[in-house]
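In: no letters, just coordinates:
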């Protein structure tokens, strides 16, 4: 109950404070390339229930037909505005609406695509899905520069499945075992510090 109250209050404040920036980002995206302002994608949520994750669109509208689901390095499908939104992680901020709606939490295991959730070891899958997925967590901090790592790989999909996903699953499980409101605040602060370091 305290975590949900924490999520509702902070996400509502975040939406109000960031509303002018959301408006500016929306105009920039529309002027930069044709297509919708937002990108929606099905992810797996609490107790395995699917939901539509919301982001600012950072790629061309037909990106799924032009390449893999994983975004790597200097992906040519990324728009000019999208490159900045991704580098600052501002493309993720519309997920505050997912938090307010109850699909997500501010902090929790990042929601994965159904095909990757299917690869979770059975003994930890239910545990990870027992909490709401989050906008950020320790795995998001550790892999904040994931696209660059994947861009350097010979086979990005294999690297993600064999190396990155198992580490994320480990961190997801640890979060479920140890999470607290104080811990969530610490992760939020660490996330902003990590984003600031990427912008240098």
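Out: Arrived safely. Predicted model, so just to flag it, every value in this text is computed and none were measured. Numbering: from 1, shown residues only.
In: ok, for residue 160, nearest residue in space, not its chain neighbours?
Out: residue 70 (5.8 Å; Cβ to Cβ, 6 or more residues apart in numbering). No exception for glycine: its C-beta is placed from N, CA and C like everyone else's.
In: shouldn't the one you found be in contact with residue 158?
Out: No. Assessed by Cβ atoms under 8 Å, residue 70 is found out of contact with residue 158, at 10.5 Å.
In: these two: who's more crowded?
Out: Between residue 70 and residue 158, residue 70 has the larger neighbour count (other Cβ atoms under 10 Å), namely 19 against 10.
In: SS state for the more buried one?
Out: coil (DSSP: H, G, I helix; E, B strand; the rest coil).
In: now do the same contact list for residue 18.
Out: Residue 18 makes contact with 93, 96 under the criterion Cβ atoms under 8 Å, 6 or more residues apart in numbering.
In: in a helix, it, correct?
Out: Yes. Read with three-state DSSP, residue 18 is one of the residues of a helix.
In: next, residue 104: phi, psi?
Out: phi -130, psi 170 (degrees, to the nearest 10).
In: just give me the neighbour total for the nearest residue to it once chain neighbours are set aside.
Out: The shortest distance from residue 104 to any non-neighbouring residue, by Cβ to Cβ, 6+ apart, is to residue 98 (4.2 Å). Residue 98 is flanked by 24 other residues according to other Cβ under 10 Å.
In: I'd assumed residue 51 was in contact with residue 98.
Out: Yes. Under the criterion of Cβ under 8 Å, residue 98 makes contact with residue 51 at 7.2 Å.
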